[in-house]
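K.L.:
Sequence plus predicted model, see below.
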Amino acid sequence: MTNFTYYIPTRILFGAGTLNELHAQPLPGKKALIVTTTGKSIKQFGYLDRVEKQLKQAGISGVLFDKILPNPVKKHVMEGAALAKSEGCDFIIGLGGGSSIDSAKSIAVMATNEGDYWDYIAGGTGNAHIPKNKPLPVVAITTTAGTGTEADPWTVVTKEETNEKIGFGYDDTFPVLSIVDPELMLTVPPALTAYQGFDALFHSTEGYIANCANPISEALSIKAIELIGKNLPTAVHDGKDLKAREGMAAANTISGMVESTSSCLSEHSLEHALSAYHPELPHGAGLIMISLAYYTHFAKVHACDKKLVDMAKALGEKDAADPMDFVKALAHLQAACGVDNLKMSDYGIKREDLPKMAKNARDTMGDLFNYDPAALTEADCIAIYEQSYR
């Protein structure tokens, strides 16, 4: 049995209606920077108003920063941090999906540290400096079931000038408090529900076959995979089904715990390269596009046969016995969710650019390749892209 460390310091309030309990929590400051996206849904559905009322009830003031893009960029991290400093904010609230909460974590780091955000990034052109000061505390209020960022320290931001999309995080970037209220997810449209749900799925499938997996991460992974297989098609086709939304919310948070106790793999590196060059590509959609070829590769080299069979069974293939049964189960789930015909070409990705993206994946997020169950060469990465290209 391998040695491992378990550390998830986040207090998580889970369940329908838990946003209404925000005011009663021991919040970490008196003035919050509320970080959200440029999208309309947070305001349109009243989620921002509800958060502001909860803060007011707790005697806390708030300042809004609503410039975050679906694939967050460094420019907005620096802008948000400057606003937090100038307004004297003493904690950050990430309200929305992974992009908002990830950005909140990155803003929290730069609100207390000097220089440029990329000074602290390890990978690509980052300088890998260690932040001298603790970041501001972060409260996460998630409105989607996708990234699991409410239960992990990770944040992914793109340096737009160089097309580098790189993850970052350490113990101090765990949220101190997370609200996971499935009622806030009832308004997510079907396609986004599917993309986000598959992102959560791949956090757990990658974490399960990672060479750093341990008994805790494995148990969490299998439970999340079971919940997603059972609930994602319903959540996609009937977004108002609260039971399905609860199942996906739980799977997502558990998948965040998997990311905290195991690791993502090169599947995420390969997708980050796609959406770094094409930020209009939703992260989950990019993962779906490459997933069948990616897991087929590991099935064909027999790197983790038993674990692939375990995951096929968790997705509902009770008689699974062959590692390729997981790929079949994955294909069935994608068809059930209506995302089995996604095309890279629809997002402007050109076949001739695939080698450049394979190189980008290794240059910017190369560390994740170290956790793969078998070594992936650059030629393997190009082949996975080629097999996935439509």
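P.N.:
That came through fine.

K.L.:
buried ones in the lengthiest helix in the chain?
P.N.:
Counting residues, the longest helix found in the chain (DSSP state H) is helix 215-237. Within helix 215-237, the residues scored as buried using 16 or more other CB atoms under 10 Å are 216-218, 220-236. All C-beta atoms are positioned from the backbone trio N, CA, C, and that covers glycine.

K.L.:
Please enumerate the helices of this protein.
P.N.:
41-44, 47-57, 74-87, 98-110, 190-209, 215-237, 242-261, 266-277, 283-300, 305-314, 324-336, 354-365, 378-388.

K.L.:
could I get these as CSV with distance to residue 34 and mean pLDDT?
P.N.:
Shown next, in CSV, are these (distance: least, CB to CB, whole Å; pLDDT from 0 to 100):
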stretch, distance to residue 34, mean pLDDT
helix 41-44, 9, 96
helix 47-57, 7, 98
helix 74-87, 10, 98
helix 98-110, 9, 98
helix 190-209, 21, 98
helix 215-237, 27, 98
helix 242-261, 21, 98
helix 266-277, 25, 98
helix 283-300, 23, 98
helix 305-314, 37, 98
helix 324-336, 35, 98
helix 354-365, 29, 97
helix 378-388, 38, 98
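
K.L.:
Tell me which of those is the most buried.
P.N.:
Across the helices of the chain, averaging neighbours per residue (mean count of other CB atoms under 10 Å) puts helix 98-110 on top, at a mean of 29.

K.L.:
ok, how many other residues are close to residue 136?
P.N.:
26 (other CB atoms under 10 Å).

K.L.:
from memory it sits against residue 111, does it?
P.N.:
Yes - applying CB atoms under 8 Å, one finds residue 136 in contact with residue 111, separated by 5.0 Å.

K.L.:
Mind listing the shared neighbours of those two?
P.N.:
Applying CB atoms under 8 Å, 6 or more residues apart in numbering, one finds that residue 136 and residue 111 are jointly contacted by 84, 89, 92.

K.L.:
now for the helices of the chain, which one comes closest to residue 122?
P.N.:
helix 354-365 (10.2 Å; CB to CB).

K.L.:
Same list (the shared contacts of residue 136 and residue 111) but as TSV, adding distance to residue 60.
P.N.:
Below are the shared contacts of residue 136 and residue 111 laid out as TSV (distance: CB to CB, whole Å):
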residue	distance to residue 60
84	14
89	10
92	12
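
K.L.:
mind checking how far the longest helix of the chain is from the chain centre?
P.N.:
15 Å (CA atoms, centre = their mean, to the nearest Å).

K.L.:
Kindly report the same for stretch 144-151.
P.N.:
Distance, centroid of stretch 144-151 to centroid of chain: 6 Å (CA atoms, centre = their mean).

K.L.:
How far does stretch 11-28 sit from its chain's centre?
P.N.:
Worked out by CA atoms, centre = their mean, stretch 11-28 lies 21 Å from the chain centre.

K.L.:
end-to-end on it?
P.N.:
Start and end residues of stretch 11-28 are separated by 12 Å (CA to CA, to the nearest Å).

K.L.:
tell me the mean pLDDT for that stretch?
P.N.:
What stretch 11-28 shows for mean pLDDT is 98.

K.L.:
All further residue positions should be reported with the first residue as 38.
P.N.:
That works, and once the first residue is 38, the last one we named lands at stretch 48-65.

K.L.:
which residues touch the residue nearest to residue 339 when sequence neighbours are not counted?
P.N.:
Of all residues not flanking residue 339 in the chain, residue 360 sits nearest, at 7.0 Å (CB to CB, 6 or more residues apart in numbering). Residue 360 sits next to 335, 336, 339, 341, 342, 345, 346 when contact means CB under 8 Å, 6+ apart.

K.L.:
7 Å instead?
P.N.:
336, 342, 345, 346 (CB atoms under 7 Å, 6 or more residues apart in numbering).

K.L.:
go on, residue 54?
P.N.:
Counting by CB under 7 Å, 6+ apart, residue 54 has contacts 218, 220.

K.L.:
so residue 89 touches residue 99, yeah?
P.N.:
Yes - in this structure, residue 89 is within contact of residue 99 by CB atoms under 7 Å, at 5.7 Å.
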